[in-house]
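K.L.:
sequence plus predicted model, see below.
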Amino acid sequence: MKKIFTLFSIFALGTAAFSQVVFQSDLSTWAAGDPTDWMGSKSNIAGADVIEVPTASTYGASDAQLVNTSTTTHKRFTTQPMSVTAGTAYEIKFWVKGQGQIRTGLFDDHTPTSSFGYLYNSYITVNSLTPVEYTQSVTALGTNANGEFILSVLSTVGPGHLIIDSVSITAGTPPPPTVTSIYDIQYTTASPANSPLEGQIVTTSGIVTGKIVNGPDAGAYFIQDGAGGWNGIYVYDTDAVVAIGDSVDVTGEVDEFNLVTEIKNISAYTVVTSSNPLPASTTATTSNANSEQYEGVLVTVASAQCTNTTEGFGMWAINDNSGVIKCDDDIFAYHLTAVVGNWYMVTGIGHYSFSEAKILPRSLSDISLTGTAGLEENDTFTIYPNPANSVVVLNVQPDAVVRIYSLSGTLVYEAIGETTIDVSNFAAGIYQVTVLQNETTSTQKLSVQ
């Protein structure tokens, strides 16, 4: 059965039916230096930066020039208060010329208050000597008798800055959202590795792979829509009713917080189906498990040695000789059980917290012992490739005795002087390879996939 938990989609990304006109302004009527149907209580643009421009405009006798040369701080030019209704989509059409950035929005004083009751679309870059018509849509999350529609401006360039000719707002029904893949949200070659969709409202979908249970973010969760890098993401929604294996649709804002790409300010989520199989985990080393592509993605380190169980805040560290990565207790605590020197296979979700890359195991089944501290390892012989799925090559002496054991201690292979071994019939897992040569026994681990 489909379970639906919907708050309402913020921004309309498709085509809706708009018919009822709720606001029209050709900016021709001014009093005391301000347009009479604008400069609502949520305006924070100075009156001196809203300038009447008498002109042979497309509509009416005057235009409004908006000035804000700041490249970092936007200024709001809002309508006088009017009634808005939760779940209603509003199409905002406006004519503008000049040079700068502009976006539309709405103040509806909705809850949750993480966005302080404001909704915004993405910025449009304007660079035209003649008026151009643009259209954006916004769906109210709250019902408010004193809502205000917004023109937000940034980076205006003189002498023209941005000149608004007219604005028309109509009400209608929100259309179904367009789904954006997690890959399109996450993938980037930029440095820092911020999402190319940062600040935008998106709807995406995936399978819940883990849910935070410890700390202030308890309730937030991860979704993944396929195996491999760039296909997982963190959803910062501590109120969602989801479980591992749920297939969910999520609408919210793409944000970067302490190196984490996340979906926040959730306006809608839908649990489509439950008890789905999870995407396959991706094999990684302790060195590359901390790379950007594995953020929010299920990864498995085949065999790594515990180097520290007292990293602090419930963390323990592992190293497969390629570099150290920490395992955190955001989902499952194991630092009191881990033993320094023991070797473990660890599966978990790649994540950043406090700007540090980590793996988040989710349960005891994500952690298995592959070797103990009492078993010395050395590299007096080599195994290649490792991990393997067909044939491995050993660099050993012609009279070397080669034995391969399962982790339960069962001897599965024995030969003398053999350098090429077929492991295609071995069950997937970790094996112990021992080589006796020159009166010395050496041991290494072999991962068969």
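P.N.:
Happy to help now that I have it. As the structure is a computational prediction, the values presented were derived from the model and not from experiment.

K.L.:
what about the strands in the stretch 1-150 of the chain?
P.N.:
3-6, 17-25, 30-31, 34-35, 50-54, 62-66, 75-78, 82-84, 89-107, 118-120, 124-139, 144-154 (DSSP state E, counting those that start in this stretch).

K.L.:
do you know which of the ones you listed lies nearest residue 178?
P.N.:
Closest of these to residue 178 is strand 124-139, at 12.5 Å (criterion: CB to CB). Quick note: C-beta positions are derived from backbone N, CA and C, even for glycine.

K.L.:
direction included, what does the helix or strand hosting residue 370 pair up with?
P.N.:
Using DSSP states H and E, residue 370 maps to strand 367-371. According to DSSP bridges, strand 367-371 forms sheet pairs with strand 343-353 (antiparallel).

K.L.:
what's the mean pLDDT across the partner strand?
P.N.:
The average pLDDT within strand 343-353 is 92.

K.L.:
could you say what helices and strands the very next helix or strand once past it packs with?
P.N.:
Next along the chain after strand 343-353, taking DSSP H and E as the criterion, comes strand 356-360. On a contact count with 3 or more CB pairs under 8 Å, 6 or more residues apart in numbering; DSSP states H and E, strand 356-360 meets strand 324-327, strand 343-353.

K.L.:
can I get the shortest one in CSV? Just the C-alpha atoms.
P.N.:
The reference is to strand 324-327. The C-alpha trace of strand 324-327 is given here as CSV (Å, rounded to 0.1, in the frame of the first residue of the first chain):
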residue,chain,number,x,y,z
VAL,A,324,42.9,6.0,8.0
ILE,A,325,39.2,6.6,8.0
LYS,A,326,36.9,6.9,11.1
CYS,A,327,33.7,4.9,11.8
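
K.L.:
what is the mean pLDDT for that strand?
P.N.:
On average, strand 324-327 scores 96.

K.L.:
stretch 148-155 too?
P.N.:
97.

K.L.:
sorry, back to before: run through who's touching whichever helix or strand comes after the strand holding residue 370.
P.N.:
Downstream of strand 367-371, the next assigned helix or strand under DSSP H and E is strand 383-384. Residues from elsewhere that reach strand 383-384 (CB atoms under 8 Å, 6 or more residues apart in numbering): 392-395, 433, 444, 446.

K.L.:
filter the residues you listed down to the buried ones, ChimeraX style.
P.N.:
Restricted to buried positions by 16 or more other CB atoms under 10 Å, the ChimeraX selection for the contacts of strand 383-384 reads:
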select :392,394,433,444,446
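
K.L.:
looking at the contacts of strand 383-384, which are in strands?
P.N.:
The members of these that map onto strands under DSSP state E are 392-394, 433, 444, 446.

K.L.:
with distance to residue 96 and pLDDT added, can I get those residues in TSV?
P.N.:
Converted to TSV, the ones in strands among the contacts of strand 383-384 look like this (distance: CB to CB, whole Å; pLDDT from 0 to 100):
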residue	distance to residue 96	pLDDT
392	66	87
393	68	82
394	71	84
433	70	85
444	68	81
446	66	86
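
K.L.:
report the contact partners of residue 29.
P.N.:
35-37.

K.L.:
can you tell me how far it sits from residue 43?
P.N.:
17 Å (CB to CB, to the nearest Å).

K.L.:
swap in residue 329?
P.N.:
Per CB to CB, residue 329 is found 47 Å from residue 43.

K.L.:
mind listing what's buried along stretch 416-426?
P.N.:
Going by 16+ other CB under 10 Å, stretch 416-426 has these buried residues: 421, 423, 426.
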